[in-house]
Structure formats: C-alpha cells, structure tokens
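> let's see this in three dimensions:
(chains A, B, C and D)
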2 protein chains.
Amino acid sequence: MGIAERKQRQREQVKSSILETAQDIACQEGWQAVSIRRIADVIEYSAPIIYEHFENKEAILLELKQKGFRILTEKLLTARSAQEEPEEQIRALAKTYWNFAFEHTELYQVMFNIGGVACNGQGNDGDSRVHMRNGATVMADAFRALAAKKGKPKTDIYLTLDAFWALQHGLISLTLVNKINGGKERAEKVLEEAVSSLMIAF
Amino acid sequence: MGIAERKQRQREQVKSSILETAQDIACQEGWQAVSIRRIADVIEYSAPIIYEHFENKEAILLELKQKGFRILTEKLLTARSAQEEPEEQIRALAKTYWNFAFEHTELYQVMFNIGGVACNGQGNDGDSRVHMRNGATVMADAFRALAAKKGKPKTDIYLTLDAFWALQHGLISLTLVNKINGGKERAEKVLEEAVSSLMIAF
DNA sequence: TACATTTGCTTAACACTGTTAGGAAAAATA
DNA sequence: TATTTTTCCTAACAGTGTTAAGCAAATGTA
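Model (predicted):
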C-alpha cells in the first residue's frame, strides 16, 4: 500500500512548499508582503488549503522562527568547533552570528520581531527563551573556556554572555534599520572592536 | 478675524488628537491594534477625515517616531546635565535611555521598528540616521569628556559610542521580546555591568 | 434677501487582508 | 456499480488602508 505513503509525502511536500514560499516572499519583498493568498497563488492552490497545514498565519511564522534558531545554532556549533583557543572561538561565534543575520535577514527578523513582523508564538513567557537556549549554550561554553584559561570564577559568565549577545543583536538591529553611520561595513568594525573590549574586560 | 484662527486651532487639535489616540491604542493593545477606523471611532469622526491631516497611516507613525526621538534627546540632555563626572554622566545616560524604553515602549517600538510595527519613513538611507543625530551627540560629548579625562586620543570615540548604543538597544530589544533569562530586572544588571566594562576598557 | 461658492464631513466603494462554511468533483472502498 | 471518503474550490464575513462622490451647512457676493 505505497499509495498512502505517497499521499502523506505529497501532503508534507505541500506544507514545506508553503514555508518555503513564505520565506521567499519575505526575503524578496519583506514580511509585509507575505499574505495567505499570495502564498496560495505561488503554490497553485486555493487559500483555504493552507489552513489544512497550519492553524493560522502566525503558525507559519512560528515554524520559520524555529527554523531560524535551528540553523543559527548549527552554524554556531560548527564555527566554534573549528577553533581551538577560546578567544578565537568567541570571535568566530560573533562573525558567524553576524553573517547569519545578513545572509538570512528574513529569518533573523522573524526570530526577534524586527522589521514589521510580529510573531508572539502562542506561549507567553518561558517559551520565548527556549529558542535561544541551545545557541546560548554554545556561546556559554566558549566563555567558560575563556574563564578557565584566565583563572576566573565562573559565576558571572552569564552576565558577560548576555552582554555579548545584546551587543551583537543591537548592532545588527541598528544596522538593519539603517541607524549606523557608515553602514554595515563600519558596524562590523564596531562589533570586532567591542568584542575585543569585552574579552579583555572579562 | 479670530474665527479663522479658531478654525485653524480646532484643525490642529484634531490632528494632535489623532496622534494621541494612535499612541494610546498602541500603548494599551500594541501597534497591531492601531487602525485608521479605530482612531476615527475614538475621535468621533469618520475615517476619511484622517487623510486631511496625514497623507497615509505611515505618516502618523513617522510623526510619533520623531516625537519619540525628540523626547529621548531631551531626557538624555537633562540627565547628563545633572552629573559632573564623565563616568556618572554615562551611567546616567544609560539609565535614562533604559527608563525611556520601558516608560514609552510604544514609542521605542516605532522608533526602531520592533514589536510588529514597520515605519520606513519615506526617505531611504540618510533620513533614518538624522533621528539619532541629536541623541548621539549628547552621548558623544560624555564620551569625549571621559576620553579627555583619561588622556586618550579622540579618534575612536565613535566606535565606543556605537557599541554603547548597540548594547543598550540590544538589551532592551531582547528584554521586550522576552529573551533574557531573569527578565527586566536582570537585564538591568547586565547593562550596568557591561557599561562599566566598556568604560574601563575605553 | 437670493444666489453662488466654499467648507466640513459622511456614506459608499475598491482592492486588499485572515479565516470559515458549504459544496462540488474526484478517488477509494464496498 | 454504488457508497463513502478524501480533496479541493468558490463564496462569504469581517476587517484593513484608501479614494471618490456627494450632501448639507456655513460663508461670500450680487
């Protein structure tokens, strides 16, 4: 009875094509341009079909948000593995995070509710932090290694970690809304400089 | 002929009531809930009246965005004036910026396109940075004073300034989307700590 | 006072949006 | 072949931003 499997496969293929086109439209024209009917047009189905795969529009965004965090975590993980020294690991993590934000800007936007898209993701408080957990752990380990190398107590690692994350996120956000004098190129320099400062002060 | 003035006054009063209710709705229910018809309902006019005061919905957002930057700059200015030492000035600026973001979250959101609202403000590149100019100058002066006190060359002031701004903005953004373990209280501690690090590394 | 014009404002409409209900056609099962 | 199930679409509802047309009252002019 391979026909049931084929149907299931086709069904899942429709679902992933919905996600794919949503991301495509967002990438090319911004999240403002992503509508159920436009997605339906592209995948050559009628609009209600989408509701057989997603409860509502926000569910689509939520799934792409999770996808974004998954990809980011993977990239951070492999980036860190490629380096030996803690300082180099942290620098590599910063560069990887930065590159992700500009290579997949539409994902980064939905991950952090910037650029006109709002995805509160049903759950209120705790849920939102779960997404960051894995990525934060990768970064935390690098900072722990640096602390060990410096012979520091590891109690206040998370203060520095959050500052590190906030610095990156802030610089990326400001660059995306075009609020940095000198644009992306200079923002990148600001980041490198600030990361160095953060490490020597750590 | 005071009647023409009265009419002009009434007209301007309608305009400011539009801005006021737009901000009110955004404050209470988020920017998603702000619609032309809802504003019209509150001010007890029909919807098209709004287009006699604003070209389109985005023009309303733009005006509130500018209002936000105006208020922020004022607050930064008075906060800095209240302190003598550069270090205290910078710490006061950070606290003021932080308080503004949480006391007028709806304004902060429209200022930086976070939380579902998107306001590109007609102009493309340079326009967006103009808003920050005044606020950045207030901060820059404090850092210049610190540099003078430390006897440092003032060439790389803006690198630290942008990092300072990005750190604050990032921490606020992450806190608003609930991505900081420990919430607002801990985020505030992270900021204080990071600002201190930034100053000693400067 | 009588007519013309401007002003202030509203209703109606257009083209969208997310979402749901009802039913037609095609496929699978008996 | 007949019946049931699956698949999918059209139509509709309530909402969005925005524009056009027009009504009625206030104003200016003869």
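> roughly how far apart are A:Glu55 and B:Leu159?
For A:Glu55, the distance to B:Leu159 (C-beta to C-beta, to the nearest Å) stands at 47 Å. Glycine gets a C-beta too; all of them are placed from N, C-alpha and C.
> same check on A:Glu103?
Going from A:Glu103 to B:Leu159 by C-beta to C-beta gives 25 Å.
> so the two - more neighbours on which side?
Set side by side, A:Glu103 and B:Leu159 show more neighbours around B:Leu159, with 18 against 11, by other C-beta atoms under 10 Å in any protein chain shown.
> these two touch, right, that one and A:Glu193?
Yes: under the contact definition of C-beta atoms under 8 Å, B:Leu159 touches A:Glu193, with a separation of 5.0 Å.
> any weak-confidence spans in chain A?
Where chain A drops to pLDDT under 70, the residues are A:1, A:121-127, A:154-155.
> kindly list the longest helix within chain A.
Assignment by DSSP state H gives helix A:2-29 as the longest helix of chain A.
> which neighbouring elements make contact with that helix?
If you count contacts as 3 or more C-beta pairs under 8 Å, 6 or more residues apart in numbering or on different chains; DSSP states H and E, helix A:2-29 packs onto helix A:36-43, helix A:57-81, helix A:105-112.
> what angle sits between the longest one and helix A:105-112?
Direction vectors for helix A:57-81 and helix A:105-112, defined by axes from the mean of the first three to the mean of the last three C-alpha atoms, to 10 degrees, enclose an angle of 110 degrees.
> what residues sit buried inside helix A:57-81?
Of all the residues in helix A:57-81, those buried under the rule 16 or more other C-beta atoms under 10 Å in any protein chain shown are A:57, A:59-65, A:67-69, A:72-73, A:75-77, A:79-80.
> residue numbers of chain A in contact with DNA strand D?
A:7, A:11, A:44-49 (C-beta under 7 Å from any atom of the strand).
> quick one: which of those is nearest DNA strand D?
The closest of the residues of chain A next to DNA strand D to DNA strand D turns out to be A:Ser46 (C-beta to the nearest atom of the strand; 3.3 Å).
> ok, the closest one to A:Ile36 distance?
Using C-beta to C-beta, we find A:Ser46 at a distance of 10 Å from A:Ile36.
> the more surrounded of the two?
With neighbours defined as other C-beta under 10 Å, A:Ser46 and A:Ile36 compare such that A:Ile36 has more, 18 against 10.
> one step back: and of the residues of chain A next to DNA strand D, the nearest to A:Thr137?
Nearest to A:Thr137 among the residues of chain A next to DNA strand D, counting by C-beta to C-beta, is A:Arg11 at 34.5 Å.
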